[in-house]
Every structure is written in structure tokens, then in C-alpha cells.
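Colleague: give the three-dimensional model of this entry:
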Amino acid sequence: MKKSIFVTGATGFVGGRLAERLTEAGARVRCLARPTSNRRRLAALGVELVDGDLNDRAALRRGVEGADVVFHLAGLTRETRRGDFDAVNRIGSRNVAEVCAEVGSSNGGGRSGAPTLVLVSSLAGAGPAPKREKTGNVDGAEPNDSVADVDSSDFDGRRLKRETDVPNPISPYGRSKLAGEREVLRFADATPTTIVRPPYVFGAGDVLSLELYKMAKERGVFLVPGYLDRFYSFVDVDDLSTLLIAAAERGERAEPSSLDPISTAENGGASARCSGRGVYFATSARPIRFSQFGAAIGDAFGRKPKTIKIPPLGVLGTGVYGEIVKIVARRTPPLDWNKAVEALRGPWICSGEKAARDLGVRFETPLAEQFAAAVDWYLREGWV
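Modeller: Predicted coordinates:
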């Protein structure tokens with residue numbers, strides 16, 4: 001991708017890896033970064049740094065001007081104060097999309113003069129997997145290896161979330177990510193826009209999962225939230241970067257109505273379906289149970305961690321404690337009420353069929369191998 005690229009969120013886990021991939025591909029990369037953030041990794045890449053944040057429209061303008069593609073990854077996964085999610089995930093996304101549209105207009109070309117905008121959202125914005133319609137599938141049947149077989153499989157009475165499902169987020173974080181999607185779609189007629197929703201992202205440099213890796217290695221245990229060992233979709237950070245680049249180059253572009261329920265004559269009103277145009281899930285082919293994640297980590301460390309299921313009240317209690325920590329200590333704990341709710345309301349599984357069909361992106365490396373590669377990185381860097 002030898003183009004001019006503007007990236008927000010490049011000081012983070014996914015954005016930093018994407019910036020590396022883009023520079024390796026010969027792109028001219030410009031990154032938005034606050035002066036107070038850790039920018040050593042970006043400086044080593046030789047990218048152009050734009051001082052500012054998502055509320056700094058002048059900085060956004062400097063970043064967007066002349067860019068062929070804008071990757072918007074900046075966002076919050078945890079909030080310290082109420083309103084933080086909205087300020088960053090919704091309003092910040094609106095600011096980026098609006099500036100992209102303004103640049104297109106000032107270039108005299110409108111949509112044709114605007115950069116392509118790729119918004120990195122989240123499966124949390126779409127919501128947990130819906131119940132499977134009774135179609136003769138065997139409850140509990142394990143998926144086969146092909147994308148089509150996985151997409152039609154049953155996961156404890158649920159099916160994979162698809163882009164055509166009307167979003168139904170169940171957490172403050174998820175609702176803020178969906179709100180960001182809707183803000184960006186307001187400008188989809190003015191700037192070519194694609195939305196990518198990853199599930200659980202892991203890989204080299206993942207700070208949020210570090211405690212799980214440490215627990216498996218040092219204590220020989222792995223915690224599963226709730227009594228149900230739910231299925232999760234995962235995606236490796238390198239695979240996600242591959243899909244993001246493909247989405248920018250040849251992805252379907254969204255419309256302002258992409259997420260609106262489609263009115264059907266059969267039920268005389270809005271359905272649970274939407275067009276999903278310009279929206280992609282980015283996921284490995286095969287979801288796994290959360291305990292299998294722990295077992296794979298343990299195997300990579302040469303251990304067999306004991307799976308401990310935390311009762312729902314224990315998970316919620318820890319979430320409440322996390323909220324108290326926010327108020328008293330003004331810091332963000334590993335588990336707050338938002339994450340507790342998400343942990344108990346899965347399964348968080350999605351289909352990669354559309355991305356495979358439209359973008360030609362198929363992630364075939366077994367998750368166990370990718371988890372082992374992440375462990376190797378943690379060990380080399382001395383993180384565990």
C-alpha cells in the first residue's frame with residue numbers, strides 16, 4: 001500500500017502494529033499522537049507525528065489533508081469517569097469523519113476528493129451472538145474447518161453474529177462503539193467509509209491480556225467468568241492489520257442507512273436485519289471456548305493450568321469493586337462493571353464469511369499456534 005496514510009490510535013496495541021505494517025509496505029504514514037503519550041515506537045518507524053488528540057480539529061485537519069486513507073483506531077476500552085466513552089468513542093469518531101468530509105469538500109471533489117475512512121469498531125458494538133433459529137442443526141455440534149461450515153454451526157444454541165444483524169450492544173462500551181459507527185455513517189455520502197469490527201484481539205504487545213498470561217504461567221490457573229464456558233471469537237493483531245489494509249484497498253463502502261433495520265412486508269415493520277453494507281467482522285475462522293484459550297496459553301508455557309469458574313455474583317462483585325476503585329483511586333482497574341457485564345453476556349462470536357468473500361482474507365493459522373507465538377514474544381520481551 002504505497003499511499004499517504006493517516007492513523008489515529010497508533011500509540012496503542014493495534015494501531016502501533018498497523019503503522020509498522022504500513023511503513024513496511026512503503027506507505028507514507030502520518031500518526032496522531034498526544035505529546036504526553038509514549039511515541040518512541042512511532043519515532044523509530046520514522047513516521048510523521050501530528051501533535052494533538054481527537055478534540056483538536058486543527059490537528060485532525062493536518063493529518064487528513066493529503067491522505068489517501070484514514071485509519072481511525074483511537075478509542076477507549078475502559079473509562080475512568082462517566083462520559084469518557086462518549087467523548088472519545090462517539091464524539092471523537094464524529095470529528096474524524098467530519099474532517100474527512102470537509103477535506104473532500106475543500107478539495108473540490110466532494111466524496112471523490114475525500115480520503116477513504118476505515119473505522120475500527122468492535123464486536124461489542126454489534127452485541128452478543130443471537131439465538132440460532134431451529135433449522136435442523138445439532139445443538140452443541142462443533143464447527144468444521146471451512147468458513148461456510150463454521151458459519152452454519154451451532155454454539156450452545158447460538159449462531160455467529162453477522163454483519164446483517166441489527167446491532168444490540170449490552171454494555172456502556174459497546175453502546176459507545178455503536179454510537180461511533182452511527183456518527184461516522186452520517187458522513188458516508190461525503191467520504192468513502194468502511195467499518196471493521198474485531199472481536200478479542202491478541203498478539204505481540206497486548207497489554208490487556210497480560211495478567212491472563214501471567215496467571216497461567218506463574219500460578220497455573222485460568223479464570224473463566226460465570227458458570228458457562230462460553231465461546232469467543234479471536235483475531236491475531238497481524239491478521240487484523242492484514243484485513244484493515246484489504247478493507248481500505250478493496251472493501252465495500254458503507255451507506256448512511258447501513259445499520260438501519262430493514263422494513264419487511266412479512267411482519268409489517270422493522271426486522272432484525274440490516275444491509276450491513278460496508279461493515280466487516282475480522283475474526284479467525286473457528287471460535288473456541290474461553291477455557292481453550294487458557295489451555296493453549298498453558299501449553300505454550302509447558303503447563304496445564306487449572307480452569308476455575310468464577311460465579312456470576314463474584315464477577316459482578318468484582319465489577320462493582322472496580323467502579324469503587326475508579327472513584328477513590330482515579331485509576332482504571334482490569335475489571336469494571338462494563339467488562340463484568342460483557343463477560344457474563346456472551347457468547348462473543350462472529351462470522352468471517354463476508355470478509356473472506358469480499359476481501360479474499362482467510363485466516364487459516366490455528367489459534368493455538370498464534371497464542372504460542374504471542375507467548376514467545378512475551379518471554380523474549382521479559383513481560384512474563
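Colleague: in which helix or strand would I find Glu133?
Modeller: Remark: Glu133 resides in no helix or strand, with elements defined by DSSP states H and E.
Colleague: can you count the residues close to it?
Modeller: 7 (other Cβ atoms under 10 Å). C-betas here are computed from N, CA, C, even on glycine.
Colleague: which residue is the nearest non-sequential neighbour of it?
Modeller: Among residues not flanking Glu133 along the chain, Arg159 sits closest, at 7.7 Å (Cβ to Cβ, 6 or more residues apart in numbering).
Colleague: just Tyr200 next, same as before
Modeller: Among residues not flanking Tyr200 along the chain, Phe234 sits closest, at 4.8 Å (Cβ to Cβ, 6+ apart).
Colleague: now the strands: where do they sit in the stretch 251-384 of the chain?
Modeller: Along the stretch 251-384 of the chain, counting by DSSP state E, counting those that start in this stretch, strands occupy 263-264, 269-270, 279-281, 288-289, 306-310.
Colleague: which residues touch the fourth one?
Modeller: Read that as strand 288-289. Applying Cβ atoms under 8 Å, 6 or more residues apart in numbering, the set of residues contacting strand 288-289 from outside is 229-232, 234, 296, 367.
Colleague: what's the following helix or strand after the strand or helix carrying Arg62?
Modeller: Per DSSP H and E: Arg62 is located in helix 57-64. Next along the chain after helix 57-64, taking DSSP H and E as the criterion, comes strand 69-72.
Colleague: any idea which helix or strand comes after that next one?
Modeller: Later in the chain than strand 69-72, the nearest helix or strand by DSSP H and E is helix 84-85.
Colleague: show me what that following helix is packed up against.
Modeller: Using 3 or more Cβ pairs under 8 Å, 6 or more residues apart in numbering; DSSP states H and E as the contact test, the elements touching helix 84-85 are helix 172-185.
Colleague: show me what the helix holding Arg62 is packed against.
Modeller: Using 3+ Cβ pairs under 8 Å, 6+ apart, helix 57-64 is in contact with strand 4-8, strand 28-33, strand 48-51, helix 93-106.
Colleague: so for Gly66, which of those sits nearest?
Modeller: Evaluated with Cβ to Cβ, these place strand 4-8 nearest to Gly66, the distance being 5.7 Å.
Colleague: what residues of the helix or strand just after the closest one count as buried?
Modeller: Using DSSP H and E, the helix or strand that directly follows strand 4-8 along the chain is helix 13-24. Under the neighbour-count criterion of 16 or more other Cβ atoms under 10 Å, helix 13-24 has 13-23 buried.
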